[in-house]
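1. Next come a sequence and a model predicted from it.
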Amino acid sequence: MASTEDQTAVTLPPLLSRKFNITDVKKDKLKWDKEWEAAIASSTAADVLKEISRSMSDSFFTLDDLESLYADLRDLQEYPAETLRDIFHDGQFKTIWLLLDASEQKRYLLEGLERASESPTLWGQDCRALCPEVTLSNLLLEGGKGFITFLTRFLEVFESSDPALLPNPWWKQTSNTAEKVRSESANLVMFEVATINRNKFICFFVVYSLMSVILDIIHGSGRMKDILDTVENTGAFFAHSLALAKTTLRNKPLLRCENCTKTPEEIGQGARFMVCGGCKSKLKLSVRYCSQFCQKEDWPAHKKACGKKKVSKGLKGTKGDHLWKYTSDQISMFVDTIRDLPKNQDGTMSITGVGVGPCNGQRSPAAERQAKMLEADKDVDYFLFTSNDVPVRFVIDDPGAKIVFRIHRRMLMMQASDSGLGALAEYMLKHMSGYPGLSRDIILKQLWAEHGNDTMEKVAEWEQRIQEHGIGAIESVSKDFMKTFGHIFSY
């Protein structure tokens, strides 16, 4: 019998790829992957094991060989485990990965799969059939979060068990079968050898997919350059929030009743939506109702435009909502604030239309005066007052900074959130402390009168963040805000 080194260097005939007539990866990588996913979905673990077992005799490996094979596997897993520890400790890899477009994520994953299929495992690309969890459809779930979850699980298993064998319910079925025929040592050895090669394939996939991403990060190649700019220029705060939001983006708009605004899921089993026939036939516009009752109740409002003009209520999450993709709590308050802004006829929103909004509680007298003055002069972003109570008009020229400032201002003045106070204060202190008649103390005293006793504490917290990140909140967010939401604003 050959040594284990000789055996692991052998690649046996590709029986499964021939059986399923898998396209050559060099000719069409996407088709190759699609055919493998279909093959995996149509196969049981027992069938796969039975098929690959035909390529070797029962005596090719013995129980004594397994210890050496497991040791080789552990050595192979050391490098990706160490790499994962480093990149997870840094924290930015997750953000960078989640900010990548799906097409870019797919490219990296396909490279990992291709190179793993070419790596020294016993069955070459046929080892893909042993790894049903390593598919693009699984790894691209939730905007790429599936890949991060997979990497996290890989590291957890490595650090908690030896040998480190990634569990899988599908593969476990074959384990149970092997246990039943334990007396047949060849069956048990074959299962163990297949398990080792399954985990070797996974290990190679992790190494090569990570390597391709990390190299592009190092060199700032292609689309990666824009993402690195986002992470570095925002101190990772906005980038991280946007990355998490991306993992919960909707794939398609919600359906809502035009009258009661409920979705089919909210209505429950048996919900069947109707479409307004006039709008559908004349305007190719789908105005939906959950029942005849709702359609009749909405008719007085809908009849003015029915079949004549495309009018949408822009219900949250529906096709008429510019922001229908966004669901995440990470930026939900930001998105909801934008969603509630008054719209122009073309559906865009005017920057000057980002007003102070109605208050959800009770403003201080100083804040109420600020609100009234801002509503009277919509070109002004904030009024500051000298020690003699002379108003100074603070106007921001940069469109991105202006929008972000005004959204924070709106949330603060509506008392929807006090998180905007620190950002507004930091920005105004930076740009207006040296203005004639103003100073840091004068501005802080005004904000204290408008927004309460904890103003100083909140400003101090924000200024500490700036020292850590080297850039203010308004500046850091504005550039990437415009990339994401700029198209819905008019200037």
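-> Thanks, I have the structure now. Computed from a prediction, not measured in an experiment: that's the story for all the values here.

2. Show me the strands in the chain, by range?
-> For the chain, the strands defined by DSSP state E cover 274-275, 288-289, 349-350, 382-385, 391-394, 489-490.

3. From the contact counts, what lies against the first one?
-> Just to be clear, that refers to strand 274-275. Here strand 274-275 touches strand 288-289, going by 3 or more Cβ pairs under 8 Å, 6 or more residues apart in numbering; DSSP states H and E. Glycine gets a C-beta too; all of them are placed from N, C-alpha and C.

4. and if you look at the second one?
-> In this structure, strand 288-289 packs against strand 274-275, with contacts taken as 3+ Cβ pairs under 8 Å, 6+ apart.

5. chain center to the strand it packs on, what's the gap?
-> Relative to its chain's centre, strand 274-275 lies at 33 Å (Cα atoms, centre = their mean, to the nearest Å).

6. Okay, now the sheet partners of that strand, with direction.
-> strand 288-289 (antiparallel) (DSSP bridges).

7. picking that back up, now tabulate the strands of the chain in a markdown table and tack on mean neighbour count.
-> Output for these, formatted as a markdown table (neighbours: other Cβ atoms under 10 Å):
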| stretch | mean neighbour count |
| --- | --- |
| strand 274-275 | 14 |
| strand 288-289 | 21 |
| strand 349-350 | 16 |
| strand 382-385 | 19 |
| strand 391-394 | 15 |
| strand 489-490 | 17 |
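
8. Mean pLDDT added to the ones you listed, as TSV?
-> Listed next are the strands of the chain as TSV, based on pLDDT from 0 to 100:
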stretch	mean pLDDT
strand 274-275	93
strand 288-289	94
strand 349-350	80
strand 382-385	97
strand 391-394	96
strand 489-490	76
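
9. Could you point out which of these sits nearest Val134?
-> Closest to Val134 of these is strand 288-289 (Cβ to Cβ; 39.7 Å).

10. on that earlier part again, distance to Ala45 for the strands of the chain - can I get that in a markdown table?
-> What follows is the strands of the chain, written out as a markdown table (distance: least, Cβ to Cβ, whole Å):
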| stretch | distance to Ala45 |
| --- | --- |
| strand 274-275 | 45 |
| strand 288-289 | 44 |
| strand 349-350 | 54 |
| strand 382-385 | 65 |
| strand 391-394 | 67 |
| strand 489-490 | 53 |
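
11. what's the closest of those to Cys127?
-> Across these, closest to Cys127 is strand 288-289 (Cβ to Cβ), at 47.9 Å.

12. on that earlier part again, nearest to Glu82, of the strands of the chain?
-> strand 489-490 (46.0 Å).

13. May I have the strands that pair with the closest one, each with its orientation?
-> Counting by DSSP bridges, strand 489-490 is paired with strand 349-350 (parallel).

14. quick check: longest helix of this protein.
-> helix 185-219 (DSSP state H).

15. so what secondary structure elements neighbour that helix?
-> helix 45-53, helix 63-90, helix 92-99, helix 102-117, helix 141-160, helix 169-180, helix 224-233.

16. and with 7 Å instead?
-> helix 45-53, helix 63-90, helix 102-117, helix 169-180, helix 224-233 (3 or more Cβ pairs under 7 Å, 6 or more residues apart in numbering; DSSP states H and E).

17. Out of the ones you listed, point me to the one whose mean pLDDT is lowest.
-> Here these differ in mean pLDDT, and the lowest is helix 169-180 at a mean of 63.

18. For the residue nearest to Val213 when sequence neighbours are not counted, grab the count of nearby residues.
-> Distances taken as Cβ to Cβ, 6 or more residues apart in numbering put Tyr108 closest to Val213, at 5.2 Å, once the chain neighbours are dropped. Residue neighbour count, defined by other Cβ atoms under 10 Å, stands at 22 for Tyr108.

19. average model confidence for the longest helix of the chain?
-> 87.

20. buried residues in that helix?
-> For helix 185-219, a neighbour-count test (16 or more other Cβ atoms under 10 Å) marks 186-214, 216-217 as buried.

21. quick one: that helix to helix 92-99, angle?
-> If you take axes from the mean of the first three to the mean of the last three Cα atoms, to 10 degrees, helix 185-219 sits at 90 degrees to helix 92-99.

22. All further residue positions should be reported with the first residue as 894.
-> Shifting the count to begin at 894 puts that one at helix 1078-1112.

23. Now find how far off-centre helix 1078-1112 is within its chain.
-> 25 Å.

24. Contacts made by stretch 927-939 with the rest, please.
-> Applying Cβ atoms under 7 Å, 6 or more residues apart in numbering, the contact partners of stretch 927-939 are 913, 915-916, 1021-1022, 1025, 1028, 1030, 1063-1064, 1066-1067, 1070.

25. just those residues now: which is nearest Met1242?
-> Checking the contacts of stretch 927-939 one by one against Met1242 (Cβ to Cβ), the nearest turns out to be Ser1030, at 36.7 Å.

26. Chain neighbours aside, what residue packs nearest to that closest one?
-> Ser1030 sits nearest to Glu930 (Cβ to Cβ, 6+ apart), 6.5 Å away.

27. swap in Phe1374?
-> Val1297 (5.4 Å).

28. and that neighbour, how many neighbours?
-> Neighbours of Val1297 (other Cβ under 10 Å): 29.

29. which residues touch stretch 1214-1221?
-> Taking Cβ under 7 Å, 6+ apart as the rule, stretch 1214-1221 contacts 1137-1138, 1141-1143, 1146-1147, 1207-1208, 1210-1211, 1228, 1231-1232, 1240, 1381.

30. of these, closest to Ala995?
-> Ala995 has its nearest neighbour among those in Leu1142, at 10.1 Å by Cβ to Cβ.

31. For that closest one, give its distance to Glu997.
-> Distance from Leu1142 to Glu997, counting by Cβ to Cβ, to the nearest Å: 15 Å.

32. Leu1277 too?
-> On the measure of Cβ to Cβ, Leu1277 and Glu997 end up 45 Å apart.

33. okay, now Ile915: neighbour count?
-> Around Ile915 there are 23 residues (other Cβ under 10 Å).

34. Identify the residues contacting it.
-> Per Cβ under 7 Å, 6+ apart, neighbours of Ile915: 925, 928-929, 932.

35. ranges for the helices of the stretch 1144-1293 of the chain?
-> Ranges of helices within the stretch 1144-1293 of the chain are 1157-1160, 1170-1176, 1185-1195, 1225-1232, 1258-1269, 1292-1306, based on DSSP state H, counting those that start in this stretch.

36. would CSV of those with distance to Ser946 be doable?
-> Below are those laid out as CSV (distance: least, Cβ to Cβ, whole Å):
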stretch, distance to Ser946
helix 1157-1160, 46
helix 1170-1176, 58
helix 1185-1195, 61
helix 1225-1232, 53
helix 1258-1269, 76
helix 1292-1306, 62
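
37. That'll do, ta.
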